[in-house]
Structures are given as C-alpha cells and as structure tokens.
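# mind folding the following:
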Amino acid sequence: MSGSPPPTGGFVRRVGQFQATAINMSQMCGIGPFVTIPLMVAAFGGPQAVIGFVAGAILALADGLVWAELGAAMPGSGGSYVYLRQAFQYRSGRLMPFLFVWTAMLFIPLIMSTGVVGFVQYLGYLAPDLTKTQGDLIGLGIVALVVLLLWRGIENIARITAVMWAVMIASVALVILAAATDFSAHLAFTYPAHAFDLGSNHFWIGFAAGLTIGIYDYLGYNTTAYMGAEIKDPGRTLPRSIIFSILGIMAIYLLLQIGTLGVIDWHRMTDPKDIASTSVASAVLEETWGKGAADTVTVLILITAFASVFTGLLGGSRVPYDAARERVFFRPYAKLHPRHRFPMLGLATMGVITAIGFLIGRHTDLATLIQLLTTVMVLVQALAQIVALTVLRKRQPTLRRPYRMWLYPLPSILAFVGWCVIYGYADKNSPGRHPIEWSLAWLGLGCVAYLLWARFEKVWPFGPKEITEEYLEAEPRPDAAPAGT
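Numbering: from 1, shown residues only. Okay, the predicted model is just below:
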C-alpha cells in the first residue's frame, strides 16, 4: 500500500515548495557562516580557506541526492528513521532505526545549540560589556522562546518561516554588498607559502577540519525530509527543496567568504582579541559602512540565528514521532498535541538538550562542539543511510521513486568517502577531546539500551523481525515523475 497519506489524526500536508525551500535555507544559513569563517581560516591558515566551503558544498550535494531519492520515495515524518527502518529490517529488525533516533536526539539539538552560541557571540558586538552569566541567561531564554513559538499549528509556523527566510536573505546580502564596495583582491587572493602543498600532512589535516566546518555550515538541507508527512506533493517538492537550497546556499557562502576575506585581513580572524574572530560580519560592516550600519546588520544576523534554531527544532522534533508510533522508540513520543497536531514530547526534549548543549558550547569552544556533534551523526545517519539507499534498490525494486539519484552510484560513493574523511580526522582536529571515542561510547550505550528495550517489547533478537513494507507498491503509479526530475 502507499505510504503517502497520513493516518487519521496525523500530520496535515500544508508546506509548499517555496516554504519547504525556505525552511531548508533558513536552517542551513542561520548563524553558521558568520561564526565559522574565522574557524575555517584558522583551519587552513590563510584565505585558501574557501576550499573548505567548496568541499562542503560538494559533499552536501552528493549526500543531498541520497536524501532526495529516499525522501521522495518514503515521505513520512522522521526522515532517516523511516529509511533505515525500511532498509535494515530484513537482517537486524528495529536496531538501526532505534539507534538513529537515539543519536538524533543528541546531535540535532547539539546543532541547534551552536546556533544559540553564535547568537550570544554576535550579541556581544552590540553589548561588549555582556558578562558570561548574562550571555548564558540570554541563550537559555532564546531556547525557551523558540519552543514557545513552535507550540502552535504548522500553518502559522510556515508563515513565520517565510518571514525569517526573507530576513536571512537580507542579512547575508547586505554583508556581501558591503564587502563588494571595499573589496581588495590582494587581501582575498594572496596566499601564504605552501598553502596548496598537497604533499603536506598539514594540508590534509586542515582540509579535513575545513570539510567538517563546511558540511556543518550546510547542515539543514535535509530538514524538510524530517517533515515529509507535512509536505505538499512530496515526490517533487522534497527533492527540489533539497537541491535548490544547497545550490542557493553554496552561491551565498562563496560570495560571503570571498567578500569577507577581501575586506578583513585573515590574520585578524585568528586573533582571539580581535572582534573579527568572533563577529566577522559585523567587522566587515564597520570597516566598510561604519558602526551604525554594522549595528543594524548585526540585528539582522541575530534574527537569522534565531531562525536557524527555530527551523531546526521544527524539523528535528518530528524525528522520534514515527519511531514511537510504530514501537521503535519510547511510546510517549508518539503523542501529538490534541489541537495543533505537533509532537509535544519530542519538541520539549530537544529544547532541553539544546539548552544543555548551549551551556557546554559556551564553556568549551565552538570548533570542538562541531567536531563532537559531527562524529555522533556520521556513523548511524550519514554512512548507514547511504548504505540504505543501495539496500532498498535491491530489496524493494518496485518501490515508487518519483526521483532517482543522478549518476547513481557515484554521488553516494563520493558522500561515503567524504563522511569517512571527516570521521577519520576528528581526533586529530580536536586533540585531547576524543570525539571518536565519545561517539563510539554513545553508540555502544545505544546498543545496550536497544537490547533492554527489545527484551521488554519482545522484538528481534528476542522476538520476530516483523517485516513491514508499507511504502512498497507492486506497480509504479502512472503519475510518477521521470528519473532525475
């Protein structure tokens, strides 16, 4: 039978193409590039840092095509949970979808917490006397406000998101325009000696760090996949929202990165005492248009940061819903708000974890937090989902696929290699922090939790595997779009 229509009393499909793309782009852009440009420059040791954004875009596009095919074919709420459940149920029952939800409940709010850290960081430009404690309290207040705004119907949220998307576009456009008015090619394209020495281990360590930062800046291209049950015409809307948002943000990032390097000497971005190391966009505006313009655009950047946290929790809070409803996660997460039809416990839980992650990020450093959340995400979501695409093509060849990956399997192979590079270099880029060990420990704890849960629920390996192929159809529908649309 078809998996498209939501069950009675479930989600309602109200999010169209523009709103879906806006949700992705708001989550992708957010505060990310405004706080990571200095981190990227530090990783590469010069303006050749633009390589990191290009590499991140390539990885995002390759991985985005995986999401596009899977999301169009199985447009349920929960994203990866749905895809992993369908692909791995034949051999390991519900283990993989359980582990995904287990890790997603950690890495999704950690991503949101970096946005709140960035918000407070840029607020420091407007209020230079802001104390650590005051910043902590403001950040916690922002998380509470986001949860409060999301405690309503999806039709209201879609309108709010469209407004925030417009503010995001305005903020980055003004920074790019300001940089263009006082651009120095000498600053942007003068590289230190051995900047492109491919035979140097230092280059590849910097590249891996830059790729990690780059893909972090693009994260969010899959937000609408988590909301598949709320998307109009998901077979077309989902793939387009993913691809359009990646291409659009890639163009924005390149203009932003090159423009910033053409105004601010890259050495300033690596100096912790310089405002350019924490609020580089504000520094660009102050250098070009003056302090008043810098203050105004900083306010827009703060709204953009808020929008990224807003849309991230909007999509992420849907992840545990399907899992709980189908007895693959704790059952209370299956309950929707009786009036507005959103998952209450998922939103509340991720809000709390976002607040905790914010405090951790404030009292360590942003680069380390990015490394930790990325390694937690890689094994169960990124790599396993790429494998799931191939497994489903073999296991369910008659599955309706409104979109098929271009040049399959090359993009999935490229994405797999890219994620392995990020994971393999994680410890070298975070000395003393051991992100690989922490990610494996969290995964191991998840396996123990699964065994205890499986024994209680009497499912595999303590019961039958219960194979369900609810998205599978014997024949493709006549309205299916051709491959590559």
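
# rest of the way, CA atoms for contacts and neighbours
OK.

# distance of the residue nearest the centre of the chain from residue 458?
Nearest residue to the geometric centre of the chain (Cα atoms, centre = their mean): residue 219, 2.8 Å. Distance of residue 219 to residue 458, given as Cα to Cα, to the nearest Å: 36 Å.

# and if you look at residue 211?
42 Å.

# residue 411 now?
Separation of residue 411 from residue 458 (Cα to Cα) stands at 39 Å.

# and what of residue 246?
Relative to residue 458, residue 246 is positioned 42 Å away (Cα to Cα).

# between those two, which has more neighbouring residues?
Neighbour count, other Cα atoms under 10 Å: between residue 246 and residue 458, residue 246 has more, with 26 against 14.

# the more buried one sits in which helix or strand?
helix 234-261 (DSSP states H and E).

# identify all contacting residues around the next helix-or-strand element following that helix.
As assigned by DSSP H and E, the chain's next helix or strand after helix 234-261 is helix 266-269. Identification of contacts with helix 266-269 by Cα atoms under 8 Å, 6 or more residues apart in numbering yields 38, 41-42, 46-47, 187, 274, 276-278, 280.

# flag every buried residue along helix 266-269.
Neighbour-count burial for helix 266-269 flags 266-267, 269 (criterion: 16 or more other Cα atoms under 10 Å).

# let's have these in TSV, adding distance to residue 227 and pLDDT.
Shown next, in TSV, are the buried residues of helix 266-269 (distance: Cα to Cα, whole Å; pLDDT from 0 to 100):
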residue	distance to residue 227	pLDDT
266	40	93
267	42	92
269	37	92
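
# now render those as JSON lines, adding distance to residue 315.
As requested, those are arranged in JSON lines below (distance: Cα to Cα, whole Å):
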{"residue": "266", "distance to residue 315": "36"}
{"residue": "267", "distance to residue 315": "38"}
{"residue": "269", "distance to residue 315": "33"}
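
# between those, which is nearest residue 464?
Nearest to residue 464 among those, counting by Cα to Cα, is residue 269 at 56.9 Å.

# show me the contacts for the nearest residue to that closest one once chain neighbours are set aside.
Spatial nearest neighbour of residue 269, excluding adjacent residues (Cα to Cα, 6 or more residues apart in numbering): residue 277 at 4.2 Å. Each residue near residue 277 by Cα under 8 Å, 6+ apart is listed here: 38, 268-271.

# adding distance to residue 235, write these out as CSV.
Below are the contacts of residue 277 laid out as CSV (distance: Cα to Cα, whole Å):
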residue, distance to residue 235
38, 39
268, 47
269, 43
270, 45
271, 48
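
# what helix or strand is the residue nearest to residue 310 when sequence neighbours are not counted on?
Spatial nearest neighbour of residue 310, excluding adjacent residues (Cα to Cα, 6+ apart): residue 146 at 5.7 Å. Assigned by DSSP H and E, residue 146 falls within helix 132-150.

# toward the C-terminus, what is the element adjacent to that helix?
helix 154-181.

# next secondary structure after that next one?
Toward the C-terminus from helix 154-181 - assigned by DSSP H and E - lies helix 185-189.

# which other residues reach that next one?
By Cα under 8 Å, 6+ apart, helix 185-189 touches 47-48, 258-259, 261-266.

# farthest-apart pair in those, please.
Farthest pair in those, by Cα to Cα: 48 and 263, 14.9 Å.

# before we move on, the earlier item: ok, so of the buried residues of helix 266-269, who is nearest residue 91?
Of all the buried residues of helix 266-269, the one with the least separation from residue 91 (Cα to Cα) is residue 269, at 50.1 Å.

# re the thing from before, contacts for the helix holding residue 146?
Against helix 132-150 from outside (Cα under 8 Å, 6+ apart): 116-117, 119-120, 157, 306, 309-310, 313-314, 347-348, 351, 354-355, 358-359, 362.

# now, the residues you listed that are in strands?
With strands defined by DSSP state E, no entry of the contacts of helix 132-150 lies inside them.

# quick check: mean pLDDT of stretch 307-317?
Averaged across stretch 307-317, pLDDT comes to 80.

# which of residue 48 and residue 263 has more residues huddled nearby?
Between residue 48 and residue 263, counted using other Cα under 10 Å, the more crowded position is residue 263 (24 against 20).

# ok, now which ones touch the more buried one?
179, 182-184, 187-188, 284, 287-288.

# go on, residue 184?
Residues near residue 184 by Cα under 8 Å, 6+ apart: 262-263.

# now do the phi/psi pair for it.
phi -120, psi 110 (degrees, to the nearest 10).

# and it, how far from residue 260?
Distance of residue 184 to residue 260, computed by Cα to Cα: 10 Å.

# just residue 304 next, same as before
In terms of Cα to Cα, residue 304 sits 18 Å off from residue 260.

# before we move on, what about residue 216?
Here residue 216 is placed at a distance of 19 Å from residue 260 (Cα to Cα).

# so which of those two has more stuff around it?
For residue 216 versus residue 260, neighbours defined as other Cα under 10 Å are more numerous around residue 260 (29 against 22).

# that one and residue 283 touch, don't they?
No: counting by Cα atoms under 8 Å, residue 260 stays clear of residue 283, with 9.2 Å between them.

# does residue 462 lie in a helix or a strand, and which?
Here residue 462 is assigned to no helix or strand, by DSSP H and E.

# can you show me the helices along the stretch 351-485 of the chain?
366-377, 384-395, 410-424, 426-429, 435-457 (DSSP state H, counting those that start in this stretch).

# put together JSON lines for those helices, with distance to residue 103 on each row.
Formatted as JSON lines, those follow (distance: least, Cα to Cα, whole Å):
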{"stretch": "helix 366-377", "distance to residue 103": "7"}
{"stretch": "helix 384-395", "distance to residue 103": "13"}
{"stretch": "helix 410-424", "distance to residue 103": "15"}
{"stretch": "helix 426-429", "distance to residue 103": "17"}
{"stretch": "helix 435-457", "distance to residue 103": "7"}
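
# count of neighbours near residue 393?
Counted with other Cα under 10 Å, residue 393 comes out at 13.

# wait, residue 193
Neighbour tally, residue 193, other Cα under 10 Å: 8.

# and residue 463, by the same measure?
The local packing of residue 463 (other Cα under 10 Å) involves 12 other residues.

# go on, residue 214?
If we define neighbours as other Cα under 10 Å, then residue 214 has 30 of them.

# so, low pLDDT: which residues of the protein?
Counting by pLDDT under 70, the chain contains low-confidence ranges at 1-11, 78, 153-158, 161, 340, 431, 473-485.

# just the terminal-to-terminal distance for stretch 319-338.
Start and end residues of stretch 319-338 are separated by 19 Å (Cα to Cα).

# in it, what counts as buried?
For stretch 319-338, the neighbour count (16+ other Cα under 10 Å) marks 319-324, 327-329, 333-336 as buried.

# so which of those residues are in helices?
Using DSSP state H, the subset of the buried residues of stretch 319-338 located in helices is 319-324.

# the nearest residue to residue 435 once chain neighbours are set aside: neighbouring residues, count only.
Once flanking residues are discounted, residue 435 sits nearest to residue 372: 5.1 Å by Cα to Cα, 6+ apart. Residues lying near residue 372 (other Cα under 10 Å) number 23.

# same check, this time on the one 10 residues further on
Residue 382 has 22 neighbours, counted by other Cα under 10 Å.

# ok, it - contacts?
With Cα under 8 Å, 6+ apart, residue 382 has these contacts: 63, 416, 419.
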